[in-house]
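Colleague: Sequence unavailable; structure follows:
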């Protein structure tokens, strides 16, 4: 049964899926902080935050660090899955390790921030 607190996260997951499987939009190339990588990090940071928000609302409490690791793994794992799907099933998309790392980085930043904030 789907719980209402997870609705924002589920909707954002649908947006990520649609964007990940749509034809690529050419982006300008920068070396370190390209707009593409920042976009990936931001998308998965938002997904992670929405998952935390949904979990906290559903359980009516903050997450433990073990639960935070599970939430991080779900978000980062979905980012890795979407890179695999792009490279395997969509001829106009590519599997990029850098994108997968950016996805995980966005999820990690939010996870670390929320865990550290809640430990105070």
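Modeller: Now that the structure is in, tell me what you want to look at. Remember, it's a predicted structure, so these values are computed and weren't measured experimentally. Numbers count the residues shown, from 1 in each chain.
Colleague: Please make it C-alpha for all contacts and neighbour counts, starting now.
Modeller: Noted.
Colleague: wait, isn't residue 50 in contact with residue 9?
Modeller: Yes: at 4.9 Å, residue 50 counts as touching residue 9 under the criterion of Cα atoms under 8 Å.
Colleague: Just want the phi and psi numbers for residue 60.
Modeller: Listed backbone geometry of residue 60 is phi 60, psi 40, with angles given as degrees, to the nearest 10.
Colleague: what about it, distance to residue 12?
Modeller: When distance is defined by Cα to Cα, to the nearest Å, residue 60 is 22 Å away from residue 12.
Colleague: For these two, indicate the residue with more neighbours.
Modeller: When neighbours are counted by other Cα atoms under 10 Å, residue 12 comes out ahead of the other of residue 60 and residue 12, with 17 against 9.
Colleague: This structure: helices as residue ranges?
Modeller: Along the chain, the stretches classed as helices by DSSP state H are 7-21, 35-59, 65-89, 97-119.
Colleague: Just send those helices back as TSV, with mean pLDDT too.
Modeller: Written out in TSV, the entries for the helices of the chain read as follows (pLDDT from 0 to 100):
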stretch	mean pLDDT
helix 7-21	89
helix 35-59	95
helix 65-89	95
helix 97-119	94
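Colleague: Can you tell me which of these is packed in deepest?
Modeller: When you average the neighbours per residue for each of these (mean count of other Cα atoms under 10 Å), helix 35-59 leads with a mean of 20.
Colleague: tell me the angle it makes with helix 97-119.
Modeller: Taking axes from the mean of the first three to the mean of the last three Cα atoms, to 10 degrees, one finds helix 35-59 and helix 97-119 inclined to each other by 40 degrees.
Colleague: centre of the chain versus helix 35-59, how much separation?
Modeller: Averaged C-alpha coordinates place helix 35-59 at 5 Å from its chain's average position (Cα atoms, centre = their mean, to the nearest Å).
Colleague: got a list of contacts for that helix?
Modeller: The set of residues that contact helix 35-59 without belonging to it, under Cα atoms under 8 Å, 6 or more residues apart in numbering, is 3, 5-9, 12-13, 16, 27-28, 62-63, 68, 71-72, 75-76, 79, 98-99, 102-111.
Colleague: what do you get for stretch 64-81?
Modeller: 44, 47, 48, 51, 52, 100, 103, 104, 107, 108, 111, 115.
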